[in-house]
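In: sharing a model prediction with you, sequence too.
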Amino acid sequence: MNSLFRLPEASTHAVTVDHIFYLLLFLSGATVVLVFGLILLFAVRYRRGSPAKRGPMPEILSREFEIGWTVATLLTFAFLFWWASSADLSSLAAPTGALEIHVVAKQWMWKTQHPNGAREINALHVPLDKPVHLLMSSQDVIHSFFVPAFRVKKDVLPGRDTDIWFQANKSGTFPLLCAEYCGTNHSMMRGKIVVMRQDDYAKWLVQQPEGDDLAHDGARLFVSQGCSGCHAVSSNVHAPRLAGLYGRAVQLADGRTVSADDAYIRDSILQPKRDVVAGFEPIMPSFKGLLDDGEIQSLTAYIRSLREEQQND
Amino acid sequence: MTDALLAGELPLPPRPDYLRHGATISSWLATTDHKRIAILYAITITFFFFMGGAAITAVRLELFQPNGWLLTSDTYNKLFSFHGIIMVWFFLVPSIPNTFGNFLLPLMIGAPDVAFPRLNLFSWYLTVAAGAFTVYALVAGGVDTGWTFYTPYSSMFSNTHVFAAAAGVFVVGFASIATGVNFITTTHMLRAPGMTWFRLPLFVWAIYATSLIMVLATPVLAISLLLVIAERVLGLPIFDPARGGDPILFQHLFWFYSHPAVYIMVLPAMGVVSEIIPCFARRRIFGYDFMVYAMLAIAGVGFFVWGHHMFVSGQSALASLVFSFLSFIIAVPSAIKVFNWTASLYRGQISFESPMLYALGFVGLFTTGGLSGLFLASIPVDIHVTDTYFVVAHFHYIMVGGSVSAFFAGLHFWWPKVTGKLYPESWAKFAAILMYAGFNMTFLPQFFAGYLGMPRRYHTYPAEFQIYNVMSSAGAAVLAIAYLLPLGYLTWSLFYGGKAAKNPWGATGLEWTTGSPPPPKNFDRQPRVDRGPYAYHAEGMSAGTDPPEMQNARETR
C-alpha cells in the first residue's frame, strides 16, 4: 500500500494537510541548512589558530541584529499559525447531507453501522466523492480513530460522542488504526477502510450479510411489529413455523417449490400474497411501508438465527 | 592563589578535598555536602538510566519483526511503560539539575553549600524510596499504562501494578519540589559579593528557571496521580463517565505538569551548552541578556501550551487554536537560543575537545527536534502525526538527543572538576561522534514511519513499516554502544586517569577557581565577583589572537 516515502492522499483533506506539511518541511530544511551551514563554516574558519580575522566585532552584530531575527522568527511562526489554523477551521464542521455512520470502539475492535443498519467489524465501506460523517463513541477506554491515508484522527471517548468527517477521493483499501493506547491488544485494533464507487457502494450495502447484533434487533422487531402474534410457537393462529425455515425448500400452495433465502423472506414480508405456503390461508397483511430496509435485514437475520438455534439443538 | 600571594597572604595548610574528607559509609549516606549528594544522585540516575535502557533494548529487539516474535503484548506494553516512567522521572528530570545543578550551583555563585543542605539529602532519600516503589512495580509484575497513565484505562481497566508505579512517581515529585525550593532559595540568598543577577552564568539561570517550573508544576502531577489512585483504589467517581466523571480531565491535569516537565528536562541542558560553547570558542556568549529572557520566557509560556497534546482529544476548536498559537510563540525563544549559540562561534578560537563535540551535537539535535515541533504545533499536521512515531522521534530528539547529549557534554566538561581526574580524550571524542550518529540512525527513520502512519505503542505493526523499524533498531545498537563507552573509560579514569589541574579548559567561572576536586566548603576564601561571566575577551572584541598554546592553557587569567 505505502510506497517507501509516499502515503496516498486519499481524501480532500489529505491534500490540504500535505501542502502545509511540505511548506513546513521546506522551511525546516532551509533552517537546518542555515544553522548547520553556519556552524560548519565557523567551525572551519575560526578553528583554533586559523589565520582568519578576529579583533573588534563588526558594528552590525549588535542588539538590532538580535531583535531582527527575533521579529523575523515571530512573523514566520505567526504566518504558519494563521495558515495551518485556517485550514483546520475550514475542515471543522461536516457538510450537510453527509453520510452519517456510527462507530463504536471497544477493546479491541471497531464496530461501524451504516444508516440502513448494515454493520461491519474492523471495516468500513464508504462511497467515493461523498462526505462521510462519523459519530463515534467508546464502550470502555479511550481509543483513537486513525486513517493515515485520509490524514484524519480523533479520539473515541467513553460517555461522550466525538465526530470527524472526510471525503474520500481515491478508491481502494486503506488501513484503519487505533492510535490511542488502549491496553493489551492495542496494536491489533486495526481495520480497513474500503472506498468504493457510489453505485458499487449501493450494491454492496444491499448484499450485506447480517451479524448477531442484527438478529437481536430482529428479535425485538419480531415482537413489536406483531409477527410473534401468529408465527410464535404458542400462537393460536394457523401460521407457518419459522424455526429451521431459512435455506429449506418450501412447498407453495400453487405447486411451486422455492428456496427460503433472503429474497423469499423479504418478498413474504412485503408481498405475502405472492408465495403462499401450501396448507395455509393467505391471511398475512403486507408490511410494505411499515418496515425500512434495515428492519427487514434485521428480521431476516433473526429468522436465519432461528435456523442456527435448531441445528444447535 | 596567585592573587592571594600577591596580596601578601600566607598559603593555607593542605586539607583533604571533599572526596577524601571522610571515607566511611555514613560520611556518604548522611552527608549534607552538596557535592557528595550530587555524587549520590549521579550513581542513582546512572543505575536508572541503564534499567530504562535495558527495557527499551528488549522493545527495539521485538520491533525487528512486525508480528511479535519475542514478547507477548502484555510484556511489551509493560516494558515501554517502564522505560517511559523510569527515563522521565528517574533519569531525565533529576539528571542535570540534581547532579550538575547540585554540584555546581553553589560553586558557580560562590557559596559554601545550598541553602538547605539537609533538605537536599532528604530529597535524595525520597528519590531512592520512589525508585524502590517503581522498581517494585516492575518486579511484582509490571505496569502497562504507559508513562502517561491515561484514564479511564489506568483507573478502571488496567489490572497491573498502577498503584505502586503511581506512588513512585508521586513520591519522586516531592524530591523534585524540595530540590526546586532549595535551588531557588540558594540563588536568591547565597550569591557571593558582587555576583549580581546579570553576572550569573547561564547555567545558574537555567537551573533557576527549571526550579521555578518544578515548584509550580509538580504539585499538579501529584494531584492527578492522587485522583487516579482515588478512583482506582477507593472507587471514587472522578474520571468514570458512567458516574458523571470526565476522562479528559486527567489529560488536562497531566499535561499541565508534563508539558512544563519537558522544559524541566531541556532548560538545564541549554544551560550546560551555554557554558561549554563560550569556553571552547573563547568567546563571550552572544546576547547574554536575550539568553536569560529566552529561558524565563520558555519557563513562563511553557505553562500555557499543554493543550497541544490534546488536539485530537475532542477539546473545543477555540482551545486548540489558542494552544496552537502559544506553541508557535514558545518556539521563538528556543530559536533565539539556537541563533545565539551559532553566533557565539563567530570569530572564535574554536577547539573541538569532547565536551564541545557533545555540545555541538546538542545544538544539531535540538534544532532538528525543535523544527519538528513546528509540525506538531500546526493543528492539521498534528492531527495526522500525533500518537505516531513522528511524535516519538520529536520528543526523543529534544529529550534524549538534546538533554542526554548535554548531560554527557557536562559530564565530560566538569569531570576533571568533580573527580580531579582526566579521561582519555580520544575515546571521549569517538563516543561523542558515535552518539550523534547512533542517535540519528535510531530516530530519523521514526519521523518517516510516523508520517506514513505507524502509531506509537504498537507491539505488532503493518509489515510495510518494517524497514523503518529495522533501521531504528540497528541505530539503537550503535547508540547503546555510545552510551556504554563513557561508563567504561570514565570509570577507568577514576583509577588510572591523570591528575586534573584546577582549570584544565581555561574556562571562566568561579567553579574553576577552586581546587579539583574542591574542598568540602568549596572556597578557601570568600570569592568576590567584579565582572560578568564568559569574560574570555574584552567587550566589543572577538576571541584573542594568541597562539594556540596560549589559548589552550589559561590556567591563570
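Out: All right, it came through fine.

In: stretch A:172-183: which residues count as buried?
Out: A:174-183 (16 or more other CB atoms under 10 Å in any protein chain shown). Glycine gets a C-beta too; all of them are placed from N, C-alpha and C.

In: what segments of chain A are strands?
Out: Secondary structure of chain A by DSSP state E: the strands cover A:99-106, A:109-113, A:119-121, A:123-127, A:131-138, A:143-147, A:152-156, A:162-167, A:172-178, A:190-196, A:249-251, A:257-259.

In: where does chain A have its least confident helix or strand?
Out: helix A:293-312 (a mean of 68; mean pLDDT, DSSP states H and E).

In: hmm, back to that, of all the strands of chain A, which one is nearest A:Pro8?
Out: strand A:172-178 (7.1 Å; CB to CB).

In: next, the angle from that closest one to strand A:99-106.
Out: 40 degrees (axes from the mean of the first three to the mean of the last three CA atoms, to 10 degrees).

In: now do strand A:172-178 against strand A:123-127, angle only.
Out: Relative orientation of strand A:172-178 versus strand A:123-127 (the same axes, to 10 degrees): 130 degrees.

In: can you list contacts of strand A:172-178?
Out: The contact list for strand A:172-178 (CB atoms under 8 Å, 6 or more residues apart in numbering or on different chains) reads A:1, A:8, A:10, A:105, A:108, A:110, A:122-124, A:143-150, A:186, A:189-195, B:453, B:455, B:462.

In: stretch B:412-427 now?
Out: Residues contacting stretch B:412-427 (CB under 8 Å, 6+ apart): B:17, B:19, B:35, B:38-39, B:100, B:103-104, B:272, B:275-276, B:279, B:353-355, B:358, B:428, B:432, B:485-486, B:489-490, B:492-494, B:497-501, B:504-505, B:511-512, B:515-518.

In: buried subset of those?
Out: B:19, B:35, B:38-39, B:100, B:103-104, B:272, B:275-276, B:279, B:353-355, B:358, B:428, B:432, B:485-486, B:489-490, B:493, B:497, B:500-501, B:504-505, B:511-512, B:515-518.

In: so which of those residues reach chain A?
Out: Among the buried ones among the contacts of stretch B:412-427, none lies close to chain A by the criterion of CB under 8 Å from any CB of the partner chain.

In: so which of the residues you listed are in helices?
Out: B:35, B:38-39, B:103-104, B:272, B:275-276, B:279, B:354-355, B:358, B:428, B:432, B:485-486, B:489-490, B:493 (DSSP state H).

In: show me which residues of the stretch 51-200 of chain B sit near chain A.
Out: Taking CB under 8 Å from any CB as the criterion, the stretch 51-200 of chain B approaches chain A at residues B:73-74, B:77, B:144, B:146, B:148, B:150, B:152-153, B:156-158.

In: circling back: would you list the strands of chain A in TSV and tack on mean pLDDT?
Out: Compiled in TSV, the strands of chain A are given as follows (pLDDT from 0 to 100):
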stretch	mean pLDDT
strand A:99-106	89
strand A:109-113	90
strand A:119-121	88
strand A:123-127	95
strand A:131-138	92
strand A:143-147	96
strand A:152-156	95
strand A:162-167	93
strand A:172-178	95
strand A:190-196	95
strand A:249-251	85
strand A:257-259	85
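
In: A:Ala219 - how many residues pack around it?
Out: 18 (other CB atoms under 10 Å in any protein chain shown).

In: gap between it and A:Thr184?
Out: Counting by CB to CB, to the nearest Å, the gap from A:Ala219 to A:Thr184 is 33 Å.

In: try B:Ala299
Out: Distance from B:Ala299 to A:Thr184, counting by CB to CB: 39 Å.

In: same deal with B:Asp113?
Out: If you go by CB to CB, the gap between B:Asp113 and A:Thr184 works out to 50 Å.

In: equivalent analysis for B:Thr46, please.
Out: 33 Å.

In: of these two, who's got more company?
Out: It is A:Thr184, of B:Thr46 and A:Thr184, that has more neighbours when counted by other CB under 10 Å, with 17 against 14.

In: ok, the residues of the stretch 51-200 of chain B next to chain A vs B:Arg199, which is closest?
Out: Nearest member of those to B:Arg199, counting by CB to CB, is B:Thr148, at 40.9 Å.

In: with adjacent residues omitted, what lies nearest to that closest one?
Out: In this structure, B:Thr148 finds its nearest non-sequential neighbour in B:Phe254, 6.4 Å apart by CB to CB, 6 or more residues apart in numbering or on different chains.

In: who's in contact with the one you found?
Out: Each residue near B:Phe254 by CB under 8 Å, 6+ apart is listed here: B:148-150, B:221, B:224.

In: ok, so of those residues, who is nearest chain A?
Out: Set against chain A, the nearest of the contacts of B:Phe254 by CB to the nearest CB is B:Tyr150 (6.3 Å).

In: near the closest one, how many other residues are there?
Out: 24.

In: correct me, but it touches B:Leu249?
Out: No. Counting by CB atoms under 8 Å, B:Tyr150 does not reach B:Leu249; the two are 11.4 Å apart.

In: residue ranges with poor pLDDT in chain B?
Out: B:1-12, B:547-557 (pLDDT under 70).

In: ugh, wrong one, I meant chain A
Out: A:1-5, A:60-61, A:209-214, A:293-294, A:307-313.

In: most centrally placed residue in it?
Out: A:Leu124 (4.9 Å; CA atoms, centre = their mean).

In: return the residues in contact with it.
Out: Counted by CB under 8 Å, 6+ apart, A:Leu124 has contacts A:101, A:103, A:110, A:112, A:176, A:191-194.

In: any chance of these in JSON lines, plus distance to B:His396?
Out: What follows is the contacts of A:Leu124, written out as JSON lines (distance: CB to CB, whole Å):
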{"residue": "A:Ile101", "distance to B:His396": "37"}
{"residue": "A:Val103", "distance to B:His396": "32"}
{"residue": "A:Trp110", "distance to B:His396": "30"}
{"residue": "A:Thr112", "distance to B:His396": "35"}
{"residue": "A:Leu176", "distance to B:His396": "27"}
{"residue": "A:Gly191", "distance to B:His396": "29"}
{"residue": "A:Lys192", "distance to B:His396": "31"}
{"residue": "A:Ile193", "distance to B:His396": "30"}
{"residue": "A:Val194", "distance to B:His396": "35"}
